[in-house]
Every structure is written in structure tokens, then in C-alpha cells.
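A.B. asks: this is the structure alone, sequence omitted:
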């Protein structure tokens, strides 16, 4: 479980938000939405332990990411995956190279299994046989999918994705929702940062989501009982 | 991620570039190894000079061949002496006539006018004023020895020039080592910069940056050690083959069999250690280029 206690962030123009309390339980998937400049990416970075909040703390499994030693933070980052809004593709790098890098960041993947899992995951994100494709030749949506596949390849317990749905078509968005639900059923925690989510994701009730500071939180999978 | 896997992370991420770099490093190490072995065996110009230059002990006319051989044996037993050969008066006369043809008439008066002599050649590493004086001191008191010819003042100048040239060779070798290290450092720096995003990727996923840096250095050191071993072996083979084909080179470097003498084991190990440390050090220093912007 990821818990944020009274977290606050400050940017050049002033306070982004302050006193934010959030909780994302195991086996839950949440979409955090907010307008441009509201600090969604900053929130994801804080929740992932990449950026120290200007106030408050983040606790995962009872261990603080920022107030203890660096080990807890490192272990959490090793067990979590991040799909950034954009990543700079190295010149001449292929999809296979990205998976090789992901394998290098992982403890548990024997070399013999890498190719097989790589094929499976690329097929899962709708890009079968893309191993040899040059990363720089991919569209933004394809890059996001490849990045997601490479992160899932590491078998993370937590997944953070920034603007994954922004350029996704309806079909891909539906596929993603099914994927997140399946991951949540496996006990993984998923946090998405998006400007908005498809109407169909907002639930049958009023579809307004939970308001937390400048953000609206929508449960994507797992019942959404954990958000405070 | 396992430490061993991190050691060779650059090979996984930039295998082709690293292969080209490694080929270049092999050539660098080969050149250094060749110079290293050549300098070890030749001692700079020591071996060349020790072949060209000798202490000559001219014996009394009355000294029989047995006595001459005895003096040669005594000289050969001195620590700085590589070889001492007795030449009897007849051999001395033949050498004289070969050098100065047309003077055969000198013998017409009857008998050989030349005495026998002992030719003493110093070990390449002992061609010093002190060792030559020790040879002279050992032979001069002998009643059978008439004169000792060792070059006089010219010898002192010659030895000074020899020392200067040897220092020059060492400085040149040191300069090449520094140039080699600079090349390795620049290669490592460029590679670390080109892979910075990948290292940031690993860092963001919980791999400590220090661990990446030290593992890469360990990997670079291991590859450096292997390269040094292979290139030193190739250099030794090349030198041995050259000496076999070009005999005059043997007079400068030494005989081919000395290339693989057990005495070179410790210097060879030092060469491997240097190759390891140079490679690992260059990797660690180059790592700074992979530092993320703003950190």
C-alpha cells in the first residue's frame, strides 16, 4: 500500500498543492486526473520516491520513502515500474535494446526467458514482432506501449504511468483498462496520471471522482476502497 | 540485478561500439607490450653496446694457452661479465691481418709478434663504470696480464650517453602509457555520456549509481587484464619471430629464447596489473560524464 501523508509541493510560481492525503491499496488501479500544470507528474515522482516532497511523507508497506535510509526508497523503486510521459530514445536503439536494459534493471529474469517474455509482452500491447524496430521511428503512442511492455517485463509490484492514455485510441484505451484490471487482480498497485480519462472509465454513478487538492481520482480497478 | 551482469552492462547496451574500442585498445596495448618487452630485454641500448664494446686484457708474450684460458675462466666468473673468451696469439694474428691486410711481412722476421688476449663482454645490465672497474681491479694484479684496454675517457662519455638514451626511452614509454590512459579515459567518458540516459533508467529503477560505477570499473578492469595478457603474448610472439628472421635485431633486443624466459614473469604480471588498473581507473574517471544534469 502506498500512503501519502500531508504531502505538499512548491514550484516557481508558488504552492502547487499542500496537505494532500492519498492511499493506494494493493490490487487497486487509480487514475489521478488534473488540468495541465496541476503537478500530476510531480505527484507521481513523489509517490515513486524520485522527488522529495516539500511537505509530508510517503509510506510504502509501513516504510517511509524519504525519512529513513536510502535502502527503503531504492527497494521500492526497484519493485516499481514507471512509464514516463516521454523518454528520449537513443540513436539507433531498438525495442530489443530497451528490453535488454529493462532486464539489466531486474533481478529475476534469466537470459533464456527474456526473448520469450519480450515477444509475449509486445503482443500484449499490440506490437507483435516489434523487437527490431528503431525506437526513434515509433509514434508517441507506440513508444508508450513499448515502454509499458518493457516495464511489465520486470514484473513490478507497482506501476506508475504518466499520460499513457493521452494519445491512445479507444481500442488501445479499452485494452489498457483490461490490462490494468488483470494486473490489479494479481495484487499490483497502479497509479495513472492523466489530464482526463475516457467517459467509460468513470463509473456508473455520477462519474465525478474523488476530489483531492487540484486532482480528481478515479478507481480503474480493484473497487477503489483504499483512497482516502 | 546481479553484480556480474552490471559489470558488462556496457557490452549489453553498446556492444558494437565497445567491440571497436576494444580492438583499438588491443592495438594500443600491443604497441605498449612490444616496447615493454623490447625494453626489458634490451635494457635500452645496453645490450647493443655490450655486443659492440669489450674489455680487452692483453696477456704477456710468455703466457701459454692454458694460462690464457685460466684467466678467461676467472674473468667469466666475475658477476658483471657475460662472456670471456681467450684468443691465442695465432688467432690474434689472423684478426690483425684481416683488419690490416698487407702487413704479413711483420712476421717474416720470425715468429708471431702478437700476444694472446682475453676478450671480456659485460652483461647488458652491468655495463656500468663501477662494474668495469671491478673487472679491471680483478685482472690488473695478475702478472700474466700486460695491459687492460677498456676505452679510458671515451668509456665514461659513452656510458653517460648510454644512460641519457636509456632515460629517454623510459620517458618515451611513460609518455606512451599516459597517452594510452588518456585515450582510454576519453573513450570511457564518451561512452558514459552516450549511455547516461540508460544509467539514469537503471538508477530510476533502484540500481544504486555507485554500484553501476564500480561494477563497470570492475568489468573494464577484467577486460583490461585480459587484453593486456593477450596483447603481451602477441607482442612476445611477434618479437620472437622478428628476432628469428632478423638476426641483427638479436644484437639489440636479445636472443629469441629470452623473450619467454621465466625472469620476465614478474614484469609481465606487473604489465597485466597496470593494464587492469589503467582500464578500471579510466572507467571510474569517465563515469563522471554519466552524471545526470543538475545533480
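C.D. replies: Okay, I see it. Keep in mind that what you see is a predicted model, and the values were worked out from it rather than measured.
A.B. asks: what residue in chain A comes nearest to chain B?
C.D. replies: Using C-beta to the nearest C-beta, the closest approach of chain A to chain B is made by residue A:78 at 2.8 Å. Where you see a C-beta, it was placed from the backbone N, CA and C, and this is true even at glycine.
A.B. asks: part of a strand, is residue A:23?
C.D. replies: Yes: counting by DSSP: H, G, I helix; E, B strand; the rest coil, residue A:23 falls inside a strand.
A.B. asks: picking that back up, which ones are touching the residue of chain A closest to chain B?
C.D. replies: Counting by C-beta atoms under 8 Å, 6 or more residues apart in numbering or on different chains, residue A:78 makes contact with A:105, A:107, B:205-207.
A.B. asks: now do the helices in chain A.
C.D. replies: A:40-47, A:70-78, A:95-104, A:111-124, A:140-153, A:170-185 (DSSP state H).
A.B. asks: of all those, which lies closest to residue B:200?
C.D. replies: Closest approach to residue B:200 among these is made by helix A:95-104 (10.7 Å; C-beta to C-beta).
A.B. asks: would that closest one count as contacting chain B?
C.D. replies: Yes: between helix A:95-104 and chain B, judged by C-beta under 8 Å from any C-beta of the partner chain, the touching residues are A:97, A:100-101, A:104.
A.B. asks: same list (those) but as a markdown table, adding pLDDT and distance to residue B:33.
C.D. replies: What follows is those, written out as a markdown table (pLDDT from 0 to 100; distance: C-beta to C-beta, whole Å):
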| residue | pLDDT | distance to residue B:33 |
| --- | --- | --- |
| A:97 | 85 | 35 |
| A:100 | 83 | 34 |
| A:101 | 83 | 35 |
| A:104 | 80 | 33 |
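A.B. asks: give me the buried subset of the residues you listed.
C.D. replies: Among the residues of helix A:95-104 next to chain B, those classed as buried by 16 or more other C-beta atoms under 10 Å in any protein chain shown are A:97, A:100-101, A:104.
A.B. asks: mind naming the longest helix for chain B?
C.D. replies: helix B:152-194.
A.B. asks: packing partners for it?
C.D. replies: Helices and strands touching helix B:152-194, by 3 or more C-beta pairs under 8 Å, 6 or more residues apart in numbering or on different chains; DSSP states H and E, are helix B:15-42, helix B:46-52, helix B:129-139, helix B:265-286.
A.B. asks: how far does that helix sit from its chain's centre?
C.D. replies: On the basis of C-alpha atoms, centre = their mean, to the nearest Å, helix B:152-194 sits 13 Å off its chain's mean C-alpha point.
A.B. asks: next, the angle helix B:15-42 makes with it.
C.D. replies: Going by axes from the mean of the first three to the mean of the last three C-alpha atoms, to 10 degrees, helix B:152-194 is angled at 170 degrees with respect to helix B:15-42.
A.B. asks: can you name the element that comes right after helix B:152-194?
C.D. replies: helix B:196-204 (DSSP states H and E).
A.B. asks: what's the local residue count around the closest residue to chain A within chain B?
C.D. replies: Closest contact between chain B and chain A, by C-beta to the nearest C-beta, is at residue B:206 (2.8 Å). With neighbours defined by other C-beta atoms under 10 Å in any protein chain shown, the count for residue B:206 comes to 20.
A.B. asks: for it, list the residues it contacts.
C.D. replies: Contacts for residue B:206 (C-beta under 8 Å, 6+ apart) come out as A:74-79, A:105.
A.B. asks: same thing with residue A:18?
C.D. replies: A:6, A:8-9, A:55, A:213.
A.B. asks: quick revisit: now the longest helix of chain B: mean pLDDT?
C.D. replies: Averaging pLDDT along helix B:152-194 gives 91.
A.B. asks: give me the buried positions along the helix or strand that residue B:240 is a member of.
C.D. replies: In this structure, residue B:240 sits in helix B:209-245 according to DSSP H and E. Buried residues in helix B:209-245, defined by neighbour count with 16+ other C-beta under 10 Å: B:209, B:212-221, B:223-229, B:231-232, B:235-236, B:239-240, B:242-243.
A.B. asks: so what does it touch, helix or strand wise?
C.D. replies: helix B:3-7, helix B:9-13, helix B:15-42, helix B:196-204, helix B:247-253, helix B:265-286.
A.B. asks: export these to JSON lines and tack on mean neighbour count?
C.D. replies: Putting these into JSON lines (neighbours: other C-beta atoms under 10 Å in any protein chain shown) gives the following:
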{"stretch": "helix B:3-7", "mean neighbour count": "16"}
{"stretch": "helix B:9-13", "mean neighbour count": "20"}
{"stretch": "helix B:15-42", "mean neighbour count": "18"}
{"stretch": "helix B:196-204", "mean neighbour count": "20"}
{"stretch": "helix B:247-253", "mean neighbour count": "16"}
{"stretch": "helix B:265-286", "mean neighbour count": "19"}
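A.B. asks: out of those helices, nearest to residue A:142?
C.D. replies: Closest of the helices and strands packed on helix B:209-245 to residue A:142 is helix B:196-204, at 18.4 Å (criterion: C-beta to C-beta).
A.B. asks: how far off helix B:152-194 does that closest one point, in degrees?
C.D. replies: Inter-element angle recorded for helix B:196-204 and helix B:152-194: 70 degrees (by the same axes, to 10 degrees).
A.B. asks: angle of helix B:196-204 against helix A:95-104?
C.D. replies: Computed by the same axes, to 10 degrees, the angle between helix B:196-204 and helix A:95-104 is 40 degrees.
A.B. asks: specify the angle between helix B:196-204 and helix A:40-47 in degrees.
C.D. replies: Using the same axes, to 10 degrees: helix B:196-204 against helix A:40-47 is 50 degrees.
A.B. asks: for chain B, which residues score under the pLDDT cut-off?
C.D. replies: By pLDDT under 70, the weakly predicted segments of chain B are B:1-4, B:109, B:292-295.
A.B. asks: near chain A, which residues of it are found?
C.D. replies: For chain B, the residues in contact with chain A (C-beta under 8 Å from any C-beta) are B:1-2, B:5-6, B:9, B:12-13, B:194, B:197-198, B:201-202, B:204-208.
A.B. asks: for chain B, what are the nearby residues on chain A?
C.D. replies: Residues of chain A that fall close to chain B, judged by C-beta under 8 Å from any C-beta: A:50, A:70, A:74-82, A:87-88, A:90, A:97, A:100-101, A:104-107, A:154.
A.B. asks: show me the contacts for residue B:33.
C.D. replies: Residue B:33 sits next to B:228, B:231-232, B:234-236, B:271 when contact means C-beta under 8 Å, 6+ apart.
A.B. asks: thought residue B:144 was touching residue B:67?
C.D. replies: Yes: using C-beta atoms under 8 Å, residue B:144 is in contact with residue B:67, at 5.5 Å.
A.B. asks: quick check: beta-bridge partners of the residue nearest the centre of chain A?
C.D. replies: Nearest to the mean C-alpha position of chain A, by C-alpha atoms, centre = their mean, lies residue A:160 at 1.5 Å. Assessed by DSSP bridges, residue A:160 has beta-bridge partners residue A:82, residue A:191.
A.B. asks: residues contacting it?
C.D. replies: A:44, A:47-48, A:80-83, A:190-193.
A.B. asks: make JSON lines from these and add pLDDT and neighbour count to it.
C.D. replies: Putting the contacts of residue A:160 into JSON lines (pLDDT from 0 to 100; neighbours: other C-beta atoms under 10 Å in any protein chain shown) gives the following:
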{"residue": "A:44", "pLDDT": "93", "neighbour count": "23"}
{"residue": "A:47", "pLDDT": "93", "neighbour count": "27"}
{"residue": "A:48", "pLDDT": "92", "neighbour count": "22"}
{"residue": "A:80", "pLDDT": "91", "neighbour count": "25"}
{"residue": "A:81", "pLDDT": "90", "neighbour count": "26"}
{"residue": "A:82", "pLDDT": "89", "neighbour count": "22"}
{"residue": "A:83", "pLDDT": "89", "neighbour count": "23"}
{"residue": "A:190", "pLDDT": "93", "neighbour count": "24"}
{"residue": "A:191", "pLDDT": "93", "neighbour count": "25"}
{"residue": "A:192", "pLDDT": "92", "neighbour count": "25"}
{"residue": "A:193", "pLDDT": "92", "neighbour count": "26"}
